[in-house]
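Undergrad: Coordinates for the following, if possible.
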Amino acid sequence: MLTVTIDEIQKNLTSYLHQVAAGESIIIMQEGKPIAEIKPVSPNTQHMRPYGLCAGEFIVPDDFDFTLPDEILNSFEGKLNYC
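TA: Numbering: from 1, shown residues only. Predicted coordinates:
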């Protein structure tokens, strides 16, 4: 990890950014104290999930998309029946 002052990084910003692009991290110091860190961006390596990842793990019941009973629908809508 490279440590530089604000003045040093202002004079050679492009050079330091090339080092960051090559994988180097840089700590910027002001009056002997670290104030910032410049580091490479981690690559985004998200891949699409494969189809059928959970095949056979659960069974969708036949009544999955049936209309819910009125008591349950009313409770979702805040219409509680206290009779």
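
Undergrad: C-alpha only now, for contacts and for neighbours.
TA: OK.

Undergrad: The helix or strand where Pro34 lies - contacts with which helices or strands?
TA: Counting by DSSP states H and E, the element that carries Pro34 is strand 33-38. Using 3 or more C-alpha pairs under 8 Å, 6 or more residues apart in numbering; DSSP states H and E as the contact test, the elements touching strand 33-38 are strand 26-30.

Undergrad: redo that, cut-off 10 Å
TA: Applying 3 or more C-alpha pairs under 10 Å, 6 or more residues apart in numbering; DSSP states H and E, we find strand 33-38 packed against strand 2-5, helix 13-21, strand 26-30.

Undergrad: in its sheet, what does that strand sit against?
TA: Strand pairing for strand 33-38, using DSSP bridges, gives strand 26-30 (antiparallel).

Undergrad: ok and the partner strand relative to helix 13-21, angle-wise?
TA: Going by axes from the mean of the first three to the mean of the last three C-alpha atoms, to 10 degrees, strand 26-30 is angled at 140 degrees with respect to helix 13-21.

Undergrad: List the residue ranges of the protein that fall below the pLDDT cut-off.
TA: 81-83 (pLDDT under 70).

Undergrad: Tell me which residue is most central in it.
TA: What sits nearest the mean C-alpha location of the chain, by C-alpha atoms, centre = their mean, is Asn44, with 10.1 Å.

Undergrad: how about that one, what does it touch?
TA: For Asn44, no residue meets the contact criterion (C-alpha atoms under 10 Å, 6 or more residues apart in numbering).

Undergrad: what about it, which SS state?
TA: Here Asn44 takes the coil state, with states given by DSSP: H, G, I helix; E, B strand; the rest coil.

Undergrad: can you check Asn74 too?
TA: Criterion first, three-state DSSP; result for Asn74: helix.

Undergrad: separation between it and Gln10?
TA: According to C-alpha to C-alpha, to the nearest Å, Asn74 stands 65 Å off from Gln10.
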